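> What shape does this take:
(one chain, ligands or ions: 2)
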Amino acid sequence: MTQNQLGGKVVYQIYVKSFQDSNGDGIGDLPGITSRLDYLAGLGVDYLWLTPIYPSPQRDNGYDVANYRAINPEYGTMQDFETLCAEAEKRGIRIMLDMVFNHTSTDHEWFRRAIAGEQKYLDYYIWKDGVPGTPPTNWESKFGGSAWQWEEHVGKYYLHLFDRTQADLNWENPEVRQELFDILHFWEDKGVRAFRFDVVNLISKPDAYTDDNAGDGRRFYTDGPRIHEYLKLLNARGFGKCADVVTVGEMSSTSLENCVRYTDPAEGELSMVFSFHHLKTDYKNGDKWQLEPNRFGELKGLLDKWQLGMQAKHGWNAVFWCNHDQPRIVSRFGDEGQYHDVSAKMLGTAIHMLRGTPYIYQGEELGMTNAHFTDIRQYRDVESTNRYHILKEQGMPDEEIYAILGARSRDNGRTPMQWDGSARGGFTTGTPWLAVNPNTDTINAAAEAADPDSVLNYYRRLVALRKEYPVIQSGLYAPVEPGNPNVYAYTRTLGDETLVVACNFYAEPARVTLPAPQGQDARLLIGNWPEQPFAPHMTLRPYEAVVYRFA
Ligand code: TEU
Ligand code: CA
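Residues are numbered from 1 along each chain as shown. Ligands and ions are numbered 1, 2, ... in the order given. Predicted coordinates:
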């Protein structure tokens with residue numbers, strides 16, 4: 001698919017476990033998704049990215065895959081999957097599957113046969129000599145603790161960049177690569193034409209394993225030595241033969257230079273990438289577990305840098321605020337109180353007018369907020385529960401830990417979808433696997449569908465505008481007032497058409513100076529406050545967003 005075509009698409013992410021339960025067991029499932037397709041078609045989205053749907057012990061909610069060619073029985077059957085695909089297709093929607101190819105669950109047959117001593121499968125993973133208690137290097141797992149686990153049956157350590165039940169695959173081994181490409185073929189034979197590749201820039205490990213004296217080890221394996229070679233192989237052998245396949249790589253701690261190469265069509269690697277630099281401007285010293293007010297200037301600088309850098313060199317961004325690993329954006333950069341709705345709409349505007357392919361994460365289109373749990377027993381996420389214990393051991397008082405988890409835990413983004421105002425939000429008739437946010441009584445799809453001024457109806461318009469205006473799909477991006485301390489503004493230009501976008505990120509009125517193309521009329525395409533006419537010097541109201549089109 002060309003970048004101009006990608007610019008006309010919108011992807012909706014479904015966290016399967018939390019979207020819609022159909023059988024009362026408290027766990028979202030595939031028939032549940034099928035039952036909500038009309039809602040998704042009404043939003044106007046083109047692709048549904050489903051987080052992993054495969055059998056898994058669920059230590060990391062499916063990112064620990066035990067079998068890549070089947071459906072987790074909790075989520076349904078292969079027949080349910082085929083029904084979902086067919087019903088989606090009737091509505092012009094395609095399914096995007098999540099491929100976790102950096103690691104498998106230690107419950108996967110390959111790992112089991114490895115520890116049973118089969119050499120073929122030992123070579124599927126990364127083993128290093130050592131003695132118990134002294135790991136081969138000081139690398140840290142992204143979920144806390146060492147990245148190495150002693151395996152007594154083998155008498156060696158294996159590498160796990162994530163949980164100890166997520167063993168890293170050995171991409172150096174051509175048999176491993178072929179196995180993974182064959183898995184893509186299996187799903188392509190079922191008609192799947194879109195894939196998201198989990199942490200795919202971590203698959204190429206260094207030749208030598210040495211201590212990292214300046215960090216957690218990531219500099220040795222992030223965008224690793226053979227990464228471009230592997231992605232070219234993945235493309236050529238895995239999906240390159242399918243026409244119109246769409247791929248997105250999740251890139252952990254990556255660089256702009258690498259992302260240009262990952263997505264330039266001439267390189268033959270991926271369609272687009274997720275990068276996360278713009279979601280770390282409220283981390284202190286890069287540490288997610290230390291709270292700090294958002295550095296707005298840095299956020300703007302990063303958005304400008306990635307928009308300009310990618311467009312200058314044929315790169316293509318996935319543009320987004322939210323996913324299942326991030327807190328809710330309205331709680332983070334917006335307002336949960338009096339400005340809830342306007343701030344949610346402003347944040348949506350800032351993303352949806354950008355160059356790239358926008359992603360909407362379930363519930364974002366409703367303005368869903370963080371969960372703010374206050375008891376560790378309410379948390380389910382392995383990263384959050386690990387961190388709780390680490391902070392506790394450091395002597396941090398509970399109150400402080402809950403303030404951190406309440407702002408940063410991945411479970412904030414994972415509470416069940418709020419379909420209606422009933423106690424369980426219409427998500428389930430049983431006990432939900434993770435508590436429903438009590439604010440489902442006011443923030444929910446049923447109420448918002450009935451309110452023309454809701455966040456949901458605003459998101460519908462944002463999606464519809466992208467379909468209608470080529471300038472949104474493929475116009476050139478240029479920053480406006482990069483030094484403005486309160487307003488993020490930019491233009492998009494295509495031929496003699498110009499869009500002027502301005503977003504006030506604060507609860508106080510803010511001044512902005514906007515460019516006014518000569519001899520053309522300005523029309524407000526969308527805004528989140530009662531309309532004010534365009535002027536070169538404007539005062540934006542709290543969290544106001546405006547998009548003017550000059551033509
Ligand atoms: O996440 C990769 C990743 O590095 C982060 O988003 C990570 O979860 C976060 O930084 C921790 O603070 C992907 C998946 O999206 C995530 O859900 C999985 O847990 C992870 O890979 C392992 O498969
Ligand atoms: Ca269920």
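> Could I get the buried residue list for the lengthiest helix in the chain?
For the chain, the helix with the greatest residue count under DSSP state H is helix 296-312. Using 16 or more other C-beta atoms under 10 Å as the test for burial, helix 296-312 gives 296, 299-304, 306-311. For the C-beta atoms, the positions are set from N, CA and C on the backbone; glycine is no exception.
> And for stretch 415-424?
T415, P416, M417, Q418, W419, D420, G421, R424.
> same question, stretch 402-410
Using 16+ other C-beta under 10 Å as the test for burial, stretch 402-410 gives Y402, I404, L405, G406, A407, R408, S409, R410.
> Is it correct that S22 falls within a helix?
No. According to DSSP: H, G, I helix; E, B strand; the rest coil, S22 belongs to no helix; its state is coil.
> And the helices in the stretch 101-250 of the chain, which stretches?
Taking DSSP state H, counting those that start in this stretch to define them, one finds helices in the stretch 101-250 of the chain at 109-115, 119-122, 174-188, 218-221, 227-233.
> and the residue nearest in space to the middle of the chain, how far is that from F276?
Centroid-nearest residue in the chain: N323, 3.7 Å away (criterion: C-alpha atoms, centre = their mean). N323 is 9 Å from F276, where distance means C-beta to C-beta, to the nearest Å.
> I'd guessed the residue nearest to the centre of the chain sits against Q13; true?
Yes. Assessed by C-beta atoms under 8 Å, N323 is found in contact with Q13 at 6.0 Å.
> Now the common contact residues for the two.
Residues within reach of N323 and of Q13 at once, by C-beta atoms under 8 Å, 6 or more residues apart in numbering, are Y359, Y361.
> Tell me how many other residues crowd R91.
Neighbourhood size, R91 [other C-beta atoms under 10 Å]: 12.
> Helix, strand or coil: sort out the residue lying closest to it once chain neighbours are set aside for me.
Excluding the flanking residues, the one nearest R91 by C-beta to C-beta, 6 or more residues apart in numbering is A41, at 4.1 Å. What three-state DSSP gives for A41 is helix.
> need the residues of the stretch 1-150 of the chain near ligand 2, please.
Near ligand 2, the residues belonging to the stretch 1-150 of the chain are D21, N23, D25, I27, D29 when assessed by C-beta under 5 Å from the ion.
> show me what contacts the third one?
Going back to what we said before, that points to D25. Contact partners of D25, counting by C-beta under 8 Å, 6+ apart, are E74, T428, G430.
> so is it in a helix, a strand, or just coil?
Under three-state DSSP, D25 comes out as coil.
> separation between it and ligand 1?
As judged by C-beta to the nearest ligand atom, to the nearest Å, D25 and ligand 1 stand 22 Å apart.
> Might one say that Y543 is in contact with F505?
Yes. With contact defined as C-beta under 8 Å, Y543 reaches F505; the gap is 7.3 Å.
> circling back to that earlier point, who are the packing partners of the longest helix of the chain?
Using 3 or more C-beta pairs under 8 Å, 6 or more residues apart in numbering; DSSP states H and E, the elements in contact with helix 296-312 are helix 256-263, strand 476-480, strand 487-494.
> Those: which one's closest to M353?
Nearest of the helices and strands packed on helix 296-312 to M353, taken as C-beta to C-beta: strand 487-494 at 6.6 Å.
> Is ligand 1 within reach of stretch 205-225?
No. Counting by C-beta under 6 Å from any ligand atom, ligand 1 has no neighbours in stretch 205-225; the shortest distance is 9.4 Å.
> Contacts for that stretch, please.
The set of residues external to stretch 205-225 that reach it, using C-beta under 8 Å, 6+ apart, is 126, 128, 136-140, 142, 147, 159, 161, 168, 171-172, 201-204, 251-255, 258.
> What residues does the stretch 251-400 of the chain have near ligand 1?
Proximity of the stretch 251-400 of the chain to ligand 1 (C-beta under 6 Å from any ligand atom) is limited to residues S252, K288, H324, D325, E383.
> coming back round to it: more neighbours: Y543 and F505, which one.
More neighbours surround Y543 than the other of Y543 and F505, with 27 against 24 (other C-beta under 10 Å).
> Tell me how far stretch 189-196 lies from the chain's centre.
Stretch 189-196 has its C-alpha centroid displaced from the chain centroid by 19 Å (C-alpha atoms, centre = their mean, to the nearest Å).
> what does it rub up against?
Defining contact as C-beta under 8 Å, 6+ apart, one finds that stretch 189-196 is touched by 47, 49, 81-82, 85, 89, 94-99, 184, 187, 239, 242, 244-250.
> how about that stretch against ligand 1, any contact?
No. Applying C-beta under 6 Å from any ligand atom, one finds stretch 189-196 separated from ligand 1 by no less than 8.9 Å.
> mind listing the strands for the stretch 201-350 of the chain?
Assigned by DSSP state E, counting those that start in this stretch, the strands in the stretch 201-350 of the chain fall at 246-250, 272-274, 283-284, 287-291, 318-319.
> Tabulate the ones you listed (JSON lines), appending mean neighbour count, distance to G395 and mean pLDDT.
Below are the strands of the stretch 201-350 of the chain laid out as JSON lines (neighbours: other C-beta atoms under 10 Å; distance: least, C-beta to C-beta, whole Å; pLDDT from 0 to 100):
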{"stretch": "strand 246-250", "mean neighbour count": "25", "distance to G395": "35", "mean pLDDT": "98"}
{"stretch": "strand 272-274", "mean neighbour count": "25", "distance to G395": "36", "mean pLDDT": "98"}
{"stretch": "strand 283-284", "mean neighbour count": "14", "distance to G395": "19", "mean pLDDT": "96"}
{"stretch": "strand 287-291", "mean neighbour count": "14", "distance to G395": "14", "mean pLDDT": "96"}
{"stretch": "strand 318-319", "mean neighbour count": "22", "distance to G395": "40", "mean pLDDT": "98"}
